[in-house]
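Enquirer: Using only what follows, build the 3D model:
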Amino acid sequence: MFDAQCDLAALVYDADNDPDAILRDFAADLRAHGARVVGMVQSGQCADSSLSAVLVHSGETLLLAQPSSPDTTSAGATGCKLDLSRLQAAGVRVADALAEGADLVVINRFGKRERDGKGLGFLIERALGADIPVVIAVSRASFADWIKFAGGMSVKLACDRHALDAWWHSVSLRTAARIAPDHTTVCEVFK
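Expert: Predicted coordinates:
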């Protein structure tokens with residue numbers, strides 16, 4: 001699925017980082033400058049069952065947490081559980097937007113579902129198959145699983161805006177050169 005020419009970046013975060021804010025602001029800035037960015041960024045918290053995702057291409061917020069049941073509302077119960085059907089439905093919404101074209105795909109998180117071949121992994125494959133760069137938040141604890149998933153073909157970024165901007169600048173230059181080369185290469189001459 002992955003090759004050395006892919007533009008795949010992992011924004012690697014620790015517990016004290018906020019990759020969601022970085023990705024959300026990055027996507028908003030790119031969109032403000034005319035880039036077509038599709039994908040989703042996590043919002044809300046599991047602790048209060050508000051776990052959601054914001055679709056960066058539309059601004060719509062989709063709840064990802066399972067509705068609380070009487071069993072989980074008892075005193076002492078904490079956290080929430082990801083609703084896999086809601087996650088898949090959100091992924092389909094992103095895939096639909098991706099089908100209309102994109103300059104970048106943002107995926108909120110790499111987790112155990114993606115590691116196991118489920119979750120939003122299909123969006124990464126679809127985007128890269130269409131030569132669309134992808135950036136995804138990956139926890140430091142899951143980075144080894146990420147490298148295995150990506151076949152080692154990923155750029156590792158610090159969880160800061162400067163690193164993300166530098167990566168995007170490099171990707172944008174390569175994309176522009178592919179679209180409108182300013183010179184003829186030796187390979188092109190011999191084709």
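Enquirer: Which parts of the chain are helices?
Expert: The residue ranges that make up the helices of the chain, judged by DSSP state H, are 19-32, 84-99, 112-115, 121-129, 143-149, 161-179, 186-189.
Enquirer: okay if I get those as JSON lines plus mean pLDDT and distance to S58?
Expert: Where you see a C-beta, it was placed from the backbone N, CA and C, and this is true even at glycine. Listed next are the helices of the chain as JSON lines, based on pLDDT from 0 to 100; distance: least, C-beta to C-beta, whole Å:
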{"stretch": "helix 19-32", "mean pLDDT": "96", "distance to S58": "11"}
{"stretch": "helix 84-99", "mean pLDDT": "94", "distance to S58": "7"}
{"stretch": "helix 112-115", "mean pLDDT": "88", "distance to S58": "23"}
{"stretch": "helix 121-129", "mean pLDDT": "91", "distance to S58": "15"}
{"stretch": "helix 143-149", "mean pLDDT": "94", "distance to S58": "27"}
{"stretch": "helix 161-179", "mean pLDDT": "82", "distance to S58": "21"}
{"stretch": "helix 186-189", "mean pLDDT": "45", "distance to S58": "39"}
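Enquirer: Can you add mean neighbour count and give those helices back as TSV?
Expert: Formatted as TSV, the helices of the chain follow (neighbours: other C-beta atoms under 10 Å):
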stretch	mean neighbour count
helix 19-32	18
helix 84-99	17
helix 112-115	16
helix 121-129	19
helix 143-149	16
helix 161-179	14
helix 186-189	7
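Enquirer: Format the ones you listed as CSV; extra columns: distance to H57.
Expert: Listed next are the helices of the chain as CSV, based on distance: least, C-beta to C-beta, whole Å:
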stretch, distance to H57
helix 19-32, 8
helix 84-99, 5
helix 112-115, 20
helix 121-129, 12
helix 143-149, 24
helix 161-179, 17
helix 186-189, 35
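Enquirer: Identify whichever of the ones you listed lies nearest to S52.
Expert: Among the helices of the chain, the nearest to S52 by C-beta to C-beta is helix 84-99 (9.2 Å).
Enquirer: Indicate which one of the helices of the chain is closest to Q42.
Expert: In terms of C-beta to C-beta, the element of the helices of the chain nearest to Q42 is helix 19-32, at 4.9 Å.
Enquirer: And for that closest one, what's in contact with it?
Expert: 11, 13, 37, 39, 41-43, 54, 56-57, 103-104, 106, 108, 135, 137, 159-161, 164-165, 168 (C-beta atoms under 8 Å, 6 or more residues apart in numbering).
Enquirer: Quick one: distance of it to the chain centre.
Expert: Centroid separation for helix 19-32 versus its chain: 11 Å, with C-alpha atoms, centre = their mean, to the nearest Å.
Enquirer: now do stretch 159-175
Expert: The chain centre lies 14 Å from the centre of stretch 159-175; the measure is C-alpha atoms, centre = their mean.
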